[in-house]
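Asks: Using only what follows, build the 3D model:
(one chain, ligands or ions: 2)
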Amino acid sequence: MPDTVLEVIPLRDAQDRVLSAVATLPEREIACLHAAGLVLARDVVATENNPPFANTAVDGFAVHASDVANVPAELRVIGTIAAGDGTSWNVGVGEALRIMTGAPMPNGADAVVMVEDCEQSVADRVMINKSVGVGTSVRPVADDVRAGDTVFQAGTVMNAAGAGVLSSMNARHVWVYPRAKVALLSTGDELVTDGSPLQRGQIRESNLTMLELLIADSSCEVTNLGVIADDEALLERTLREAALTHDAIVTSGGVSMGDFDVVKAVLSRIADMQWMQMAIKPAKPFAFGLLNGTETQDRLLRRVPIFGLPGNPVSSMISYELLARPALRKMMGHTTNLLRPMIHAIADAPLRRKPDGKTHFMRVFGHFDTDGRLHVRDTGPQGSHQLAATAGANGLAIVPDGSGVDAGGTVDVMLLN
Ligand code: AMP
Ligand code: MG
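Replies: Ligands and ions are numbered 1, 2, ... in the order given. This is a model prediction of the structure:
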């Protein structure tokens with residue numbers, strides 16, 4: 001099967017095949033602190049109010065608004081209250097309480113005049129120079145979160161502020177779709193990782209470093225299994241073991257048409273694979289499959305997705321972005337924004353290519369100019385082995401088949417960060 005000529009399919013079809021084959025991971029309850037970047041699996045209902053009591057939004061004087069309708073107005077200062085002070089004060093008519101941001105509103109008072117609008121020359125008198133309406137600078141109870149309200153709906157992607165909200169209402173744990181546990185390995189007998197001098201024919205390994213960071217950046221947990229020699233028995237053992245303890249496997253190299261493409265040979269035997277050739281450049285070959293994992297709680301066999309990325313570093317990165325990342329996001333409960341955002345940009349310099357029936361993903365650097373538009377230029381050589389030029393890119397210009405885009409022309413750009 002691997003030796004047959006494969007039909008070349010559009011990228012979209014490859015993405016559909018992969019996305020339709022992966023399932024969302026079972027939901028899990030985790031500590032709120034670890035939920036940032038993850039998708040909520042259940043609604044979060046507040047059990048406490050925040051703020052728990054009415055308090056002042058400014059440093060100043062708590063007053064009866066009616067006492068300061070005509071200013072300047074002199075009031076008697078009955079004391080001072082700081083944030084955290086639980087003393088229950090009563091502010092009568094003609095009186096004021098010196099109050100600090102976050103302190104509970106005293107009984108009687110219905111507004112706070114900020115300190116900048118007051119003059120206190122002696123301890124027990126204050127001159128108020130500005131009128132305020134009822135409720136001014138008062139933060140009512142439950143102004144942010146009300147007990148019983150659904151604060152976050154299932155499907156929400158938690159961010160740092162969201163985790164803070166959970167803390168503010170004393171939620172300690174939330175139900176989320178967990179981080180996918182991803183095993184990563186690279187193949188190729190030419191690859192050197194230990195810093196030793198290169199022998200003729202050897203190169204330094206680069207994809208493991210890059211992919212480990214990309215996978216972690218997708219909110220997954222990565223196990224880097226290193227370079228596995230081009231040895232079928234070893235590779236088979238490694239893949240089978242990885243499938244027992246991981247939610248997905250990402251491999252680099254060995255999925256093309258070469259004689260030593262061992263990933264291809266092994267996976268054809270042990271997994272349910274789809275070998276694809278996509279009408280894109282770089283990253284034409286891509287392998288996707290399902291490998292048997294352990295049994296689930298309900299005694300179903302877990303099928304572990306395996307993403308076989310090509311070894312050429314730029315191809316590896318781009319196929320990760322276009323196919324593996326969206327699938328991992330789906331597994332982690334994302335239903336929207338599976339793909340990176342795209343924007344119409346202006347090519348500040350020509351984006352040249354040759355007609356070859358493929359869509360090219362050219363590495364570009366873009367900036368938003370004073371016209372509010374994204375302006376892009378290519379970052380240099382576009383070979384699939386030329387990772388250095390790719391490292392300078394913050395976007396992929398999607399250049400359709402043809403001779404490219406002229407300077408000043410528009411092009412769709414997928415934003416990488
Ligand atoms: P392959 O996909 O295994 O046929 O490899 C394609 C090209 O990418 C060859 O030139 C490999 O030497 C190179 N390559 C494969 N894996 C890596 C890697 N992990 N780091 C750097 N280059 C690689
Ligand atoms: Mg290889």
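Asks: SS state for the closest residue to V263 other than its chain neighbours?
Replies: Spatially, and ignoring its direct neighbours in sequence, V263 is nearest to G254 (3.5 Å; C-beta to C-beta, 6 or more residues apart in numbering). For every residue, glycine as well, the C-beta is placed using N, CA and C. With DSSP: H, G, I helix; E, B strand; the rest coil as the basis, the three-state label of G254 is coil.
Asks: Now do the same contact list for G254.
Replies: 187-188, 230, 260-264, 308, 311 (C-beta atoms under 8 Å, 6 or more residues apart in numbering).
Asks: Could you check how far it is from E212?
Replies: Going from G254 to E212 by C-beta to C-beta, to the nearest Å gives 18 Å.
Asks: Quickly find the element holding the residue of the chain at minimum distance from ligand 1.
Replies: At 2.5 Å from ligand 1, G311 is the closest residue in the chain, using C-beta to the nearest ligand atom. Here G311, judged by DSSP states H and E, is contained in no helix and no strand.
Asks: Now for it, how many residues are close by?
Replies: Counted with other C-beta atoms under 10 Å, residues neighbouring G311 total 26.
Asks: just D356 next, same as before
Replies: For D356, the count of nearby residues is 11 (other C-beta under 10 Å).
Asks: Wasn't it part of a helix?
Replies: No - according to three-state DSSP, D356 belongs to no helix; its state is coil.
Asks: Enumerate every residue touching the closest residue to ligand 2 within the stretch 251-400 of the chain.
Replies: Per C-beta to the ion, G253 is where the stretch 251-400 of the chain lies closest to ligand 2, at 4.1 Å. Neighbouring residues of G253 by C-beta under 8 Å, 6+ apart: 186-188, 207, 263, 309-311, 316.
Asks: Same check on V115?
Replies: 58-61.
Asks: Model confidence score at it, please.
Replies: Listed pLDDT for V115 reads 98.
Asks: Strands of the stretch 51-200 of the chain, residue ranges please.
Replies: 55-56, 60-63, 73-81, 95-99, 111-114, 118-122, 125-128, 138-139, 150-152, 173-177, 181-187, 191-192 (DSSP state E, counting those that start in this stretch).
Asks: what about the residue nearest to I81 when sequence neighbours are not counted, how many neighbours?
Replies: Nearest non-adjacent residue to I81, counting by C-beta to C-beta, 6+ apart: A103, 4.5 Å away. When neighbours are defined as other C-beta under 10 Å, A103 has 24 of them.
Asks: This structure - how does it break down into domains?
Replies: 8-26+178-331, 28-50+143-177, 55-139, 342-415 (automatic domain parsing).
Asks: Now do the end-to-end distance for the last one.
Replies: One end of domain 342-415 to the other measures 6 Å (C-alpha to C-alpha, to the nearest Å).
Asks: and the residue of the stretch 51-200 of the chain found nearest ligand 2, how many residues sit next to it?
Replies: For the stretch 51-200 of the chain, the residue closest to ligand 2 is G188, as judged by C-beta to the ion, at 3.9 Å. For G188, the neighbour count with other C-beta under 10 Å is 22.
Asks: give me every residue that touches it.
Replies: 205, 227, 230, 253-254, 311.
Asks: Contacts made by the helix or strand hosting L291 with the rest, please.
Replies: Under the criterion of DSSP H and E, L291 resides in strand 285-295. Applying C-beta under 8 Å, 6+ apart, the contact partners of strand 285-295 are 14, 17-18, 21, 239-240, 243-244, 246, 249, 255-257, 263-264, 267, 270-278, 301-310, 315, 319, 323.
Asks: now stretch 79-89
Replies: With C-beta under 8 Å, 6+ apart as the criterion, stretch 79-89 contacts 55, 78, 97-104, 106-107.
Asks: for these, which one is nearest V141?
Replies: Nearest to V141 among these: N55, at 8.7 Å, using C-beta to C-beta.
Asks: Surely the closest one and M105 touch.
Replies: Yes - the criterion here is C-beta atoms under 8 Å, and N55 meets it with M105 at 6.0 Å.
Asks: From I203, how far off is V192?
Replies: Taking C-beta to C-beta, one finds V192 at 7 Å from I203.
Asks: Show me which of the two is the more surrounded one.
Replies: V192 (15 against 11).
Asks: Tell me how far that one lies from L387.
Replies: 16 Å.
Asks: Next: A103.
Replies: Counting by C-beta to C-beta, the gap from A103 to L387 is 57 Å.
Asks: Around ligand 2, pick out the residues from the stretch 101-250 of the chain.
Replies: Residues of the stretch 101-250 of the chain lying close to ligand 2 (C-beta under 5 Å from the ion) are G188.
Asks: buried ones in stretch 170-189?
Replies: 171, 174, 176-188 (16 or more other C-beta atoms under 10 Å).
Asks: ditto for stretch 6-15
Replies: By neighbour count on 16+ other C-beta under 10 Å, the buried set for stretch 6-15 is 9, 11, 14-15.
Asks: Among these, which ones are in strands?
Replies: I9 (DSSP state E).
Asks: possible to save the buried residues of stretch 6-15 as CSV with pLDDT and distance to P400?
Replies: CSV is the format used below for these (pLDDT from 0 to 100; distance: C-beta to C-beta, whole Å):
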residue, pLDDT, distance to P400
I9, 95, 16
L11, 96, 12
A14, 97, 17
Q15, 97, 17
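Asks: which one of the buried residues of stretch 6-15 is nearest T156?
Replies: Closest to T156, out of all of those and judged by C-beta to C-beta, is Q15, at 24.5 Å.
Asks: mind listing what the closest one touches?
Replies: Q15 neighbours (C-beta under 8 Å, 6+ apart): 322-323, 326, 339.
Asks: how about the residues of the stretch 51-200 of the chain that lie near ligand 1?
Replies: Contacts of the stretch 51-200 of the chain with ligand 1, taken as C-beta under 6 Å from any ligand atom, map to 186, 188, 190-191.
Asks: What about V222, how many residues nearby?
Replies: For V222, using other C-beta under 10 Å, the count is 22.
Asks: if I pick it, what's in contact with it?
Replies: Per C-beta under 8 Å, 6+ apart, neighbours of V222: 182-184, 212, 215-216.
Asks: re the thing from before, please spell out the PyMOL selection for the buried subset of the contacts of stretch 79-89.
Replies: Those of the contacts of stretch 79-89 that count as buried under 16+ other C-beta under 10 Å are selected in PyMOL with:
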select buried, resi 55+78+97+98+99+100+101+102+103+104+106
